[in-house]
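Participant: pasting the sequence and the predicted model now:
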Amino acid sequence: MKHLLPTLFLALMSTAATAQDLKPVAYTDGPQKLNGLVTDNAGAKRPGVLILPAWMGIDDEARTAAKELAKQGYIALIADIYGEGNIPTDFNSARQAATHYKTDFAAYQHRIALALEQLNKAGADPDRIAVIGYCFGGTGALEAARAQLPVKGVVSIHGGLGKGERPNGPISTSVLIQHPEADQSVSAADMASITAELNEAKADWQLISYAHCGHTFTNPAGKEYNKRMADRAWQHLLVFLKEVLAA
């Protein structure tokens, strides 16, 4: 029996590691191939979370979030917004790609809707879906709300809050905005605009500002990472998801 214990331990550790793997999901938007990732608990009907990555495309922050959400019992899928052959290689190309979708918001909303279809195909309960996004993806989370996509909640994590000159419209989903207080990419006008937009829609919303934080405060790879506030933001996210995705 003593000789079996190390083997059993290694087998259990291997199973635990495998349980945190992400699997590729190939789908298309017309001729454009898209390559997402889904947690390996796909297939069982459980609440789902769509993750919209930052402007460089699928990154370690999105991957880590997906794996951690799987531990909480969610099926998580990371969307590919740009598509195969269009992934940015530097900040300049990322800025151009993100600006395209921020300007052509209908195309952004469409790519999000396609990813939601893949999340449903992965076994997520279509009545218990949320969208979260980081940076450019945080902008996308708000676009999911504006597009009236069939989700229970959206979370914008250090996302852009502006929507240009579009008129305000209905927003029926719950909204959580996690805003780093010292984020210089979000203007006072944008803050006032999103507040007015959500209030006009009579939406269920909340905005949490995290003190002494720059733009990428939740990303351990970023120079503005603030562990204390990032940990708080994660807990706030889990509380929100538990509420809006309750059975």
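Facilitator: That came through, no problem. In this text, all values refer to a predicted model and were calculated from it rather than measured experimentally. Residues are numbered from 1 along each chain as shown.
Participant: burial count for residue 110?
Facilitator: By other C-beta atoms under 10 Å, 14 other residues sit near residue 110. Heads up, the C-betas are built off the backbone N, CA and C, glycines and all.
Participant: do residue 33 as well
Facilitator: Residues lying near residue 33 (other C-beta under 10 Å) number 14.
Participant: assign the nearest residue to it once chain neighbours are set aside to helix, strand or coil.
Facilitator: Using C-beta to C-beta, 6 or more residues apart in numbering and skipping the chain neighbours, the partner closest in space to residue 33 is residue 84 (4.3 Å). Using DSSP: H, G, I helix; E, B strand; the rest coil, the structure places residue 84 in coil.
Participant: wait, isn't residue 84 in contact with residue 32?
Facilitator: Yes. With contact defined as C-beta atoms under 8 Å, residue 84 counts as touching residue 32 (7.4 Å).
Participant: got the phi/psi numbers for the residue nearest to residue 177 when sequence neighbours are not counted?
Facilitator: Nearest residue to residue 177, sequence neighbours excluded (C-beta to C-beta, 6+ apart): residue 207, at 4.3 Å. Main-chain dihedrals, residue 207, degrees, to the nearest 10: phi -130, psi 120.
Participant: contacts only, for residue 207.
Facilitator: 176-177, 179, 194-195 (C-beta atoms under 8 Å, 6 or more residues apart in numbering).
Participant: kindly report the same for residue 133.
Facilitator: Applying C-beta under 8 Å, 6+ apart to residue 133 gives the contacts 51-53, 139-141, 154-157, 159.
Participant: what do you get if the cut-off is 10 Å, keeping everything else the same?
Facilitator: Contacts for residue 133 (C-beta atoms under 10 Å, 6 or more residues apart in numbering) come out as 50-54, 62, 79, 81, 112, 139-144, 154-159.
Participant: any low-confidence regions in the protein?
Facilitator: The chain contains residues with pLDDT under 70 at 1-20, 247.
Participant: looking at it, which strand is longest?
Facilitator: Under DSSP state E, the strand in the chain containing the largest number of residues is strand 124-134.
Participant: okay, helices next: where are they in the protein?
Facilitator: Here the chain has its helices, by DSSP state H, at 4-18, 60-71, 91-103, 105-121, 136-146, 188-200, 227-244.
Participant: make TSV out of these and add distance to residue 215.
Facilitator: As requested, the helices of the chain are exported to TSV (distance: least, C-beta to C-beta, whole Å):
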stretch	distance to residue 215
helix 4-18	32
helix 60-71	13
helix 91-103	13
helix 105-121	20
helix 136-146	10
helix 188-200	13
helix 227-244	12
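Participant: so which of these comes closest to residue 130?
Facilitator: Closest approach to residue 130 among the helices of the chain (C-beta to C-beta): helix 227-244, 5.7 Å.
Participant: buried stuff in the closest one?
Facilitator: Buried residues in helix 227-244, counted by 16 or more other C-beta atoms under 10 Å: 229-230, 233, 236-237, 240-241, 244.
Participant: stretch 179-187 too?
Facilitator: The neighbour-count check on stretch 179-187 (16+ other C-beta under 10 Å) flags 179-180, 182-183, 186 as buried.
Participant: next: stretch 59-79.
Facilitator: Using 16+ other C-beta under 10 Å as the test for burial, stretch 59-79 gives 59, 61-63, 65-70, 74-79.
Participant: and the closest residue to residue 60 other than its chain neighbours, how many neighbours?
Facilitator: Sequence neighbours aside, residue 221 is the residue nearest to residue 60 in space, at 6.3 Å (criterion: C-beta to C-beta, 6+ apart). Look at residue 221: counted by other C-beta under 10 Å, it has 9 neighbours.
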